[in-house]
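[1] would you be able to build a 3D model of this:
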Amino acid sequence: MSQPTPSRTIVVTGASGGIGRASAVAFAARGGTVALLARGEKGLAGVAAEVERAGARALVIPTDVADNEQVVAAAARVEDEAGPIDVWVNSAFTSVFAPFDQIDPAEFRRVTEVSYLGYVYATMAALRYMKPRNRGTLVQVGSALAYRGIPLQSAYCGAKHAIQGFHEALRCELLHDKSNVKVTMVQMPAVNTPQFDWVLSRLPHHAQPVPPIYQPEFAARAVLFAADHPGRREYWVGSSTVGTLAANALVPGLLDRYLARTGFKSQQTERPRDPDAPVNLWDPADGADGHDFGAHGDFDDTSHRDDPQLWASHHHGLLAAGAGGLLAAMTALRRRRRS
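    Below you'll find the model as predicted:
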């Protein structure tokens with residue numbers, strides 16, 4: 001397995017909170033420049049301070065990824081002020097928690113523009129520089145929901161499914177061109193991010209991730225590993241992701257019925273939804289009257305910081321070799337016993 005190589009210039013979208021923020025800070029420990037793209041001024045200021053404390057230069061670029069012109073301008077500014085982009089991480093998203101028939105068409109469109117087209121626009125902007133140089137890495141932060149839709153998140157699930165198809169098509173094209181530009185996708189489990197404090201919700205109770213829940217730093221480790229080892233088409237992160245995708249491949253109809261029975265309750269706490277909670281669908285929640293939400297949500301007490309599956313995902317070659325060696329040894333032992 002190749003060794004991690006510190007990258008000089010990193011771009012992270014959705015950098016003001018959650019996985020994007022944790023990833024930006026993790027990359028910053030390697031030095032260089034980390035360009036931070038998001039909308040909220042308070043969150044951008046907060047993550048910039050963390051990046052600089054970690055040892056990197058922070059380049060703050062307020063950007064709405066749903067606006068292609070803003071994304072193109074952000075990429076140009078990174079190239080001008082920080083040099084060639086080595087790694088671009090797409091992590092920005094928004095969502096609506098509600099039954100499908102309670103989501104307005106404009107809301108559904110906005111989720112799609114941010115959470116899907118934002119990835120498309122950013123990837124186009126990055127490739128504009130990476131392909132002529134024949135180098136660079138794109139990391140698409142995905143989700144188990146890229147394969148398995150769940151109730152109350154139809155807009156978000158649709159966007160993640162779309163990213164999956166777009167990612168696969170792009171990867172095939174790059175392979176056809178024998179390009180040294182790499183693209184990989186990291187399928188995440190439920191993560192303790194601030195989105196559950198600022199998501200547009202029409203649920204009766206406060207929204208929550210479907211347990212088990214993981215901390216953003218756990219997810220960030222997977223993002224960095226994927227950036228260092230982009231030859232694989234995707235990484236599955238967390239035992240819950242593996243279990244969900246395996247069940248969906250084997251018994252999707254049964255999983256439909258299970259989620260119909262459990263998916264509403266499992267995405268809500270017992271606390272009533274605050275009708276005055278901030279909403280970041282149209283404007284950043286950390287606007288002029290807001291505050292810096294940080295990387296974490298409200299679920300620190302019940303979130304996991306590690307999972308043996310992450311090690312297994314990163315060392316699948318070693319595990320395969322070990323399994324092959326074990327099988328060969330068992331075969332040889334049986335032959336000896338027969339002889």
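
[2] buried stuff in the strand or helix carrying L175?
    Using DSSP states H and E, L175 sits in helix 154-176. Of the residues in helix 154-176, 154-164, 166-167, 170-171, 174 count as buried by neighbour count, 16 or more other Cβ atoms under 10 Å. Placement of C-beta: from N, CA and C, glycine included.

[3] for stretch 191-206, same thing?
    For stretch 191-206, by 16+ other Cβ under 10 Å, it's 191-201, 203, 206.

[4] ok, which stretches of this protein are helices?
    Assigned by DSSP state H, the chain shows helices spanning 18-28, 41-54, 68-82, 105-112, 118-133, 154-176, 195-198, 216-228, 239-250, 252-262, 308-314, 316-338.

[5] now the angle between helix 105-112 and the helix holding L175, please.
    Here the directions of helix 154-176 and helix 105-112 differ by 40 degrees (axes from the mean of the first three to the mean of the last three Cα atoms, to 10 degrees).

[6] and the contacts of helix 154-176?
    Contacts to helix 154-176, defined as Cβ atoms under 8 Å, 6 or more residues apart in numbering, come from residues 93, 95-96, 100, 103, 107-108, 111-112, 115-116, 119-120, 123, 140, 142-143, 145-150, 181-183, 185, 233-234.

[7] are any of those buried, and if so which?
    Buried by 16+ other Cβ under 10 Å: 93, 95-96, 103, 107-108, 111-112, 115-116, 119-120, 123, 140, 142-143, 145-150, 181-183, 185, 234, out of the contacts of helix 154-176.

[8] can you count the residues close to D300?
    D300 has 11 neighbours, counted by other Cβ atoms under 10 Å.

[9] look up how far L36 lies from the residue lying closest to it once chain neighbours are set aside.
    Take D300 and drop its neighbours on the chain: the residue closest to it by Cβ to Cβ, 6 or more residues apart in numbering is N192, 6.5 Å away. Here the criterion is Cβ to Cβ, to the nearest Å. By it, N192 lies 21 Å from L36.

[10] ditto for D286
    In terms of Cβ to Cβ, D286 sits 13 Å off from L36.

[11] contacting residues around the nearest residue to G263 once chain neighbours are set aside?
    Setting aside the residues directly before and after it, G263 is nearest to P151 in space (Cβ to Cβ, 6+ apart), at 4.2 Å. Counting by Cβ under 8 Å, 6+ apart, P151 makes contact with P99, L259, A260, G263, F264, Q267.
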